[in-house]
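>>> predicted coordinates and the sequence they were generated for:
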Amino acid sequence: MTASTALVTGGASGIGLEVAGLLRDAGHRVVTWDLSGADIDCDVSDPDAVSAAMQQTVREHGVPTRVVTSAGIGSSGPSGLLLKQAPADWERVLSVNLTGTWLTLRAAARAMVEAEVEGSIVAVSSISGTVADRDMGAYCVSKAGVDMLVKVAAVEWGTYGIRVNAVGPGVTRTPMLPNPDAWLGWADGLSRRTALGRLGEASDVAGAIVGVLELPWVTGQVVHADGGLALHSPIDAYGQLEKLMRLKRLRQIRDQREKAKEA
């Protein structure tokens, strides 16, 4: 991996923070953007803020040729249902997750083209861009948009030697994820549905992102870093049957014990 200037949005916490650490370990000059707590304060949904942050990045650190757009916000709960969500909330999710990604990608690509350098960009998407989640409509739509955004950008910018891909995490333990331990059975249920048998950690996704950044013959792709969560249908008919059979067996054991006590 050749050292270069790397930019990570959403770099003050979660997946972005992990990515920044891995890139620093690899010898890159890393610049982080976030609302606060980063090298440069930036609201990626604000075109002027993105433009100013990119100018500062180039001026102080050079043109970033490794770019990761990790800034994003969630949307879930009863207020996230399509019939109930307020238009302002819908617009906020899309403005950060989708428009903010586009603004950052565009600013980075413009800097690379002007400097006549090649580069690699990875946008953080989500398996929710392809799998519909109840009460997360705005989030799902925003991430589906990110998936198509990287494909179009890859087509348009390939002639400049700029690769554009996305990594879509599954359920990952980050500050954006509510405490799964507070939802009885939820974390265990998801772990059982995940092929690798656990929830993801920010470091798992960060490793995938850094790996995709350095693939020289891959562009316009969406790689799911979800431990296999999206591999099978949530209906899982066999799993439901297996559960019923297990419950039936437990009832049989209980009945046998009750009869033994009576005897």
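Cool, got the structure. Residues are numbered from 1 along each chain as shown.
>>> could you point out the longest strand of the protein?
strand 162-169 (DSSP state E).
>>> what lies in contact with the helix or strand following it?
Note on strand 162-169: by DSSP states H and E, the next helix or strand toward the C-terminus is strand 172-173. Here strand 172-173 makes contact (C-beta atoms under 8 Å, 6 or more residues apart in numbering) with 15, 180, 199, 200, 201, 202, 204, 205. Glycine gets a C-beta too; all of them are placed from N, C-alpha and C.
>>> those residues in strands, which ones?
200, 201.
>>> distance to residue 255, pLDDT and neighbour count added to the contacts of strand 172-173, as TSV?
Shown next, in TSV, are the contacts of strand 172-173 (distance: C-beta to C-beta, whole Å; pLDDT from 0 to 100; neighbours: other C-beta atoms under 10 Å):
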residue	distance to residue 255	pLDDT	neighbour count
15	49	97	29
180	35	59	17
199	36	87	20
200	41	92	23
201	43	94	15
202	47	95	22
204	44	97	20
205	47	97	25
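>>> just put the contacts of strand 172-173 in CSV and tack on distance to residue 147.
Formatted as CSV, these follow (distance: C-beta to C-beta, whole Å):
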residue, distance to residue 147
15, 17
180, 25
199, 22
200, 18
201, 23
202, 21
204, 20
205, 16
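>>> now the longest strand of the chain, how far from the centre of its chain.
10 Å (C-alpha atoms, centre = their mean, to the nearest Å).
>>> dump that strand to PDB, keeping only the CA atoms.
Taking C-alpha atoms only, strand 162-169 is exported to PDB below (Å, rounded to 0.1, in the frame of the first residue of the first chain):
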ATOM      1  CA  ILE A 162     -10.700   7.000 -10.000                       C
ATOM      2  CA  ARG A 163     -12.200   3.800  -8.500                       C
ATOM      3  CA  VAL A 164     -15.500   4.100  -6.600                       C
ATOM      4  CA  ASN A 165     -17.000   1.300  -4.500                       C
ATOM      5  CA  ALA A 166     -19.200   0.900  -1.500                       C
ATOM      6  CA  VAL A 167     -19.100  -1.400   1.500                       C
ATOM      7  CA  GLY A 168     -22.400  -2.200   3.100                       C
ATOM      8  CA  PRO A 169     -22.300  -3.200   6.800                       C
END
